[in-house]
Structures are given as C-alpha cells and as structure tokens.
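Undergrad: Give the three-dimensional model of this entry:
(one chain, ligands or ions: 1)
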Amino acid sequence: MIISAGSRFRAALAEEKPLQVVGCINAYAARLAARTGFKALYLSGGGVAAASLGVPDLAISTLDDVLTDVRRITDIIDLPLLVDADTGFGGVLNVARTVKSLIKAGAAALHIEDQVDAKRCGHLPGKMIVSEAQMVDRIKAAVDARTDPRFVIMARTDALAVEGLQSAMDRACAFVEAGADIIFPEAVTELDTYRRFAAAVSVPVLANITEFGATPLYSVEELAKADVSLVLYPLSAFRAMSAAALNVYRTIRNEGTQKKTIDTMQTRAELYDFLDYHAYEEKLNVMFPESGKPEDD
Ligand SMILES: C[C@](O)(C(=O)O)[C@H](CC(=O)O)C(=O)O
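TA: Model (predicted):
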C-alpha cells in the first residue's frame, strides 16, 4: 500500500511534539537533513527566491519555480515536505491549481498566507494583508482542490504585526472553520502568544523560528511548554552554507589558495557517503558490467 505524503506528514506530527520541520534549500541539503534524523522537511519560498533565482522574497518566483525545487527534493527523499506556497500564486482558481500541482509533485503540505499578492518576508515592516473573507476563500479553494484528503493545508496569518493579536486570533479561528489543518501565526514576538493561539484553535500551531527576524530563537523545550506542535527552521542551514561559501570565495580570491578553509569543508568521502555514491556504483557494476568499457572494434 502506498502511503501518501500527506499521511506521512500527519504521522510525523503524531510522533514528535513539537515536530521539527527543517528547511532544505535543495535535494542535497534534504539528504543531509534526512540523515540527521529529521522527520519532516521544508521548502522555503524565500529560499527558492534567494538560492534558486538569486532574487529577494518579493513575490518574484512563480509556482513553476517552486515545483521544480519540490520535485528535485521529493524525487530523492521520502520524508514529507512542507512547501511555502506564499499567497497561492494568484486568485482562488490559481490556489486550486497550486494545491493540485504540489500534490502531483509529491509535497505533503503547504502553507498559504493572508498577505496581499505583492507579499514580502513576514518579518519585515510594511506588510499588507487581504481581508479575512478573502483569505477564507483562499483556504476554501485549497481544501476543495485536494486530490488527497490527507494533504495538509496550513493557514499562515501575517495579521499579528499589522492588526494585532486579537485580529490574528480571530482570523486563525475563521481559517480553521474554513478547513485549515494547522495555524501558522507569523512574526510572533512573545512565547505566550503561541499558547493563546493553541488555546483558541482546535488544530496544531506552528512556530516559525527563523533567524534575524521578529521572533526570538525559542528552544524546542520552551515551545513545547507553549503548546506549539511544529517548529520551523526555514533558512538556518542556507544562511550557514552561504556564510561558509562566502568565506571560501574570499579566501581563494585574497590568498590564492583555499588551504585555510579546508577544515570547514565537507570531504569528498563525506559527500559520496551522503549521495549513496557507492550504492549507485555497485548497481552499475552488477547490472551493467560492460557499461563504460571501451568497445572492441
Ligand atoms: C518562512 C518564510 O516565508 C520563508 O520564505 O521561508 C520567511 C522566512 C524568512 O524570511 O526568514 C518568512 O518568515 O517570511
């Protein structure tokens, strides 16, 4: 029996509380995260924009950009993948298309938010949100479009920073009423706020612990006490990889050799190990022993 990605996400949620959902910027990072023992992975919208396109998180990337990265990850790793669907990539009919396409691409869950289409990072000033009714329509469209009833629809609200706690909590309740499976209150600044969301809604609540934003870097223990069910680390590894890469580039450029940075690098043996290189090679040797050998004339 094939267990759908959505079912695997729900199973992970039942197994671990709070469930750590870790961002992987590409398929190789997904391999690293999977080996580390995480039970669920994340594809960040800001990450697709920054790492795959080299542009800021300002609604520049398209559904196709996201799907390309989703497929690369789900092709290689069985762990359930939560995908950042921003505002759904258009009107309600686009939201429906987004859900169907993500399910086909092997995603387990998405989050969709109540910012205006010209969205920005949830931790920056100047955000604008659509009405509660408009976001309820987005949720209804997403729920209705599910070709797998176990696919998880997560509603993110950016209202806290724009309209305050009461509005954000009212919205969360309306989104659950519309069928949202999980609530993601964005840019939370107080631990107790999570507890209040969790008490107000009948579904799990996610904490986005992204660095250099509005939310303090609460630990899993602290978040567990605040009744948080999922913790997201969208770009942690990407930020570290980027800083390390810049250091290597600078060293090579300035010193004419990378020697000083060699200890910060993953070795060739480690790389091949994470890629299961030798399993690929063995298959090649056993199944296709003649492949690659020079042909006799
Ligand atoms: C979760 C998020 O939407 C993302 O794109 O990963 C971002 C993360 C970030 O910019 O740190 C967000 O919180 O808006």
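
Undergrad: what does the stretch 1-150 of the chain have sitting close to the ligand?
TA: 44-47, 57, 84, 121-123 (C-beta under 6 Å from any ligand atom). Where C-beta positions appear, they are placed from N, C-alpha and C, glycine not excepted.

Undergrad: This protein: strands as residue ranges?
TA: With DSSP state E as the definition, the chain shows strands at residue ranges 19-23, 40-43, 81-84, 109-113, 152-157, 182-185, 206-208, 230-233.

Undergrad: want to throw those strands into TSV with mean pLDDT and mean neighbour count?
TA: Converted to TSV, the strands of the chain look like this (pLDDT from 0 to 100; neighbours: other C-beta atoms under 10 Å):
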stretch	mean pLDDT	mean neighbour count
strand 19-23	98	23
strand 40-43	98	26
strand 81-84	98	27
strand 109-113	98	26
strand 152-157	98	27
strand 182-185	98	26
strand 206-208	98	24
strand 230-233	98	23
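
Undergrad: sorry, back to before: tabulate the residues of the stretch 1-150 of the chain next to the ligand (JSON lines), appending distance to Ile139.
TA: Formatted as JSON lines, those follow (distance: C-beta to C-beta, whole Å):
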{"residue": "Ser44", "distance to Ile139": "21"}
{"residue": "Gly45", "distance to Ile139": "18"}
{"residue": "Gly46", "distance to Ile139": "22"}
{"residue": "Gly47", "distance to Ile139": "24"}
{"residue": "Asp57", "distance to Ile139": "22"}
{"residue": "Asp84", "distance to Ile139": "16"}
{"residue": "Cys121", "distance to Ile139": "22"}
{"residue": "Gly122", "distance to Ile139": "18"}
{"residue": "His123", "distance to Ile139": "23"}
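
Undergrad: And the residues you listed, which of them are buried?
TA: In terms of neighbour count (16 or more other C-beta atoms under 10 Å), the buried residues within those are 44-47, 57, 84, 121-123.

Undergrad: And the residue nearest to Met265 when sequence neighbours are not counted, how far from Lys140?
TA: Spatial nearest neighbour of Met265, chain neighbours left out: Val248 (7.5 Å); criterion: C-beta to C-beta, 6 or more residues apart in numbering. Between Val248 and Lys140 the computed distance is 48 Å (C-beta to C-beta, to the nearest Å).

Undergrad: Same question for Ala245.
TA: 43 Å.

Undergrad: now do Ala207
TA: Taking C-beta to C-beta, one finds Ala207 at 26 Å from Lys140.

Undergrad: One more: Asp114?
TA: 13 Å.

Undergrad: Show me which of these two is the more surrounded one.
TA: Taking other C-beta atoms under 10 Å, Asp114 and Lys140 do not tie; Asp114 has more neighbours (27 against 19).

Undergrad: so what's the residue lying closest to that one once chain neighbours are set aside up against?
TA: Computed as C-beta to C-beta, 6+ apart, the closest residue to Asp114 that is not its neighbour in sequence is Met135, at 3.8 Å. Counting by C-beta atoms under 8 Å, 6 or more residues apart in numbering, Met135 makes contact with 114, 129, 155, 157, 171, 174-175.

Undergrad: Which single one of these is nearest to Pro18?
TA: Taking C-beta to C-beta as the measure, Pro18 lies nearest Ala155 of these, at 17.8 Å.

Undergrad: What is the longest helix anywhere in the chain packed up against?
TA: Longest helix in the chain, counting residues (DSSP state H): helix 236-255. Here helix 236-255 is seen to pack against strand 19-23, helix 27-36 when contacts are counted using 3 or more C-beta pairs under 8 Å, 6 or more residues apart in numbering; DSSP states H and E.
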